[in-house]
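Novice: Okay, predicted coordinates and the sequence, questions at the end:
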Amino acid sequence: MTSQFNPAYIFNPMAEDSVVELSPTQILKAQVCLRSLGYSRAKVKSIATPLNLVFGSALHWVIEGFVKGYISKDEMETRFAEKFQELSMAGLVSMAKSKTREVNEIIGKRLAAQFPSFYENLGLRPVVIEGAFKLQIGPKTFINLVIDFVGIAERDIIFNGEVFARKGDTVILDWKTAAVKEGALFAEVALQLTLYWAAVTMACAKLGIKPPSACGFASGLKPNITKEDSESLINATWMPVQWTRRSESAVEEALDLARVIAGRIRRGEFHRMSGAAYNSPCDSQTLCDFAGLCLTASTRGYKIPDGMTIADLV
């Protein structure tokens, strides 16, 4: 009913000729809960930044600096610590349940120090580092992406006895950190890599490279430890890439999904999706960023864009 009386309501339908721009993160949010997608698109945010996001941002920053050549291998550990400190102090940070800030820092310093050797062993020449792509998937419909790494294989890439790329072929990587390395199935079906594959395929002529031959996640493990001197810190390490590739049908399926979500955005279809309620993301604000706002109309703990009232948001 709100949409009939309030033109500022964030879940209103859009004009059919409106431009819709999506990101891989928004597409993944839509698969969990369309209402969450609506809040994300309206730029409603939690006041506190998760510590895991601070960690990932600092590690991505030093990786980018090393690959681009303005951070040396000897500086990686120190520069990570400095960036992690800077981002930690930039605002309110929500702490992880099991790892303190100090534990996260020591894990990050170890991964940063190891990265140069890990990267050099990959045998890749960079073409794109943290590169922005804009993929048109329909009339006035786009996906915006930032791809961590696109490079050229300087030697054959053989994984599990199969040749995934020959010397001179194009490969795509995404830097990841997690407590457990992703499995083969996840690497094979991950929407993020599929959309990256589509974007690089469409841009390869302009980039002067071949269409992609292989893609994967470069995973740095963050072991579940609670003490800085834990013996399990040795498990904080970079794992071999789970190389995979994408078929034309897999790419088209991912783009079809994005078009469906774009259509729902235009029609204002931001329905709540409870995950059958039991143990769903709705149960706790630690699982869903927008649970408090969505379920109780409370703006406590959120950054609300200027000019918006609670009537625009629920």
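Specialist: Good, I have the coordinates. Predicted model only: the values in this text are computed from it and were never measured.

Novice: C-alpha coordinates for stretch 155-170, CSV please?
Specialist: C-alpha atoms of stretch 155-170 as CSV (Å, rounded to 0.1, in the frame of the first residue of the first chain):
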residue,chain,number,x,y,z
ARG,A,155,53.5,-21.7,-19.4
ASP,A,156,50.9,-24.5,-19.7
ILE,A,157,48.5,-24.7,-16.8
ILE,A,158,47.9,-28.4,-15.9
PHE,A,159,45.5,-29.2,-13.1
ASN,A,160,44.4,-32.7,-12.1
GLY,A,161,46.1,-34.1,-15.2
GLU,A,162,44.1,-31.8,-17.5
VAL,A,163,45.5,-28.9,-19.5
PHE,A,164,43.4,-25.9,-18.7
ALA,A,165,45.5,-23.3,-20.5
ARG,A,166,48.4,-23.2,-22.9
LYS,A,167,51.2,-20.7,-22.9
GLY,A,168,49.7,-17.4,-24.2
ASP,A,169,46.1,-18.2,-23.1
THR,A,170,44.0,-15.9,-21.0
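
Novice: any idea of the mean pLDDT for it?
Specialist: Here stretch 155-170 scores 96 as its mean pLDDT.

Novice: hmm, who's touching that stretch?
Specialist: If you take CB atoms under 8 Å, 6 or more residues apart in numbering as the criterion, stretch 155-170 is touched by 123, 127, 150-154, 171, 200, 204, 209-214, 240-245. For the C-beta atoms, the positions are set from N, CA and C on the backbone; glycine is no exception.

Novice: What residue spans form the domains of this structure?
Specialist: 2-46+274-312, 123-256 (automatic domain parsing).

Novice: and of the ones you listed, who's closest to Glu75?
Specialist: Of all those, domain 123-256 sits nearest to Glu75, with 17.3 Å by CB to CB.

Novice: gap between the closest one and the chain center?
Specialist: Using CA atoms, centre = their mean, to the nearest Å, the mean C-alpha position of domain 123-256 is found 12 Å from that of the whole chain.

Novice: Could you tell me the end-to-end distance of it?
Specialist: One end of domain 123-256 to the other measures 34 Å (CA to CA, to the nearest Å).

Novice: and if you look at stretch 39-48?
Specialist: 16 Å.

Novice: what helix or strand does Glu158 sit in?
Specialist: For the record, residue 158 is Ile, not Glu. Assigned by DSSP states H and E, Ile158 belongs to strand 157-159.

Novice: I'd like the next helix or strand past that strand.
Specialist: Counting by DSSP H and E, the next helix or strand C-terminal to strand 157-159 is strand 162-165.

Novice: What strands flank that next one, and is each parallel or antiparallel?
Specialist: Taking DSSP bridges as the criterion, strand 162-165 forms sheet pairs with strand 157-159 (antiparallel).

Novice: before we move on, the earlier item: strands - which of the contacts of stretch 155-170 land there?
Specialist: 127, 150-153, 171, 212-214 (DSSP state E).

Novice: just those residues now: which is nearest Gly263?
Specialist: Pro212 (27.9 Å).

Novice: any idea how far Met273 is from the closest one?
Specialist: When distance is defined by CB to CB, to the nearest Å, Pro212 is 33 Å away from Met273.

Novice: what about the two, which has more around it?
Specialist: Pro212 (22 against 17; other CB atoms under 10 Å).

Novice: Ile172 is in contact with the more buried one, correct?
Specialist: Yes. Look at Pro212 against Ile172 with CB atoms under 8 Å: they come within range, at 5.5 Å.

Novice: need the helices for the stretch 151-300 of the chain, in chain order.
Specialist: 184-189, 191-207, 248-267, 291-296 (DSSP state H, counting those that start in this stretch).

Novice: who touches the first one?
Specialist: Yep, that's helix 184-189 we're talking about. Under CB under 8 Å, 6+ apart, the answer for helix 184-189 is 193, 216-217, 242, 244, 250.

Novice: ok, and the most crowded of the residues you listed?
Specialist: Highest neighbour count within those, by other CB under 10 Å: Leu193, with 26 neighbours.

Novice: Leaving out the residues flanking it, which one is nearest to that one?
Specialist: Cys215 (4.8 Å; CB to CB, 6 or more residues apart in numbering).

Novice: and if you look at Lys83?
Specialist: That would be Ala58: by CB to CB, 6+ apart, it lies 4.2 Å from Lys83.

Novice: same check, this time on Ile310
Specialist: Nearest one to Ile310, counting by CB to CB, 6+ apart, is Ala297 at 5.9 Å.

Novice: and what of Leu257?
Specialist: Nearest residue to Leu257 in three dimensions, chain neighbours excluded: Ile27, at 6.7 Å (CB to CB, 6+ apart).

Novice: Can you give me the neighbour number for that neighbour?
Specialist: Ile27 has 20 nearby residues by other CB under 10 Å.

Novice: again, but for the one 10 residues further on
Specialist: Close neighbours of Leu37, defined as other CB under 10 Å, add up to 25.

Novice: for it, what are its contacts?
Specialist: 26, 29-30, 261, 265, 270 are the contacts of Leu37 under CB under 8 Å, 6+ apart.
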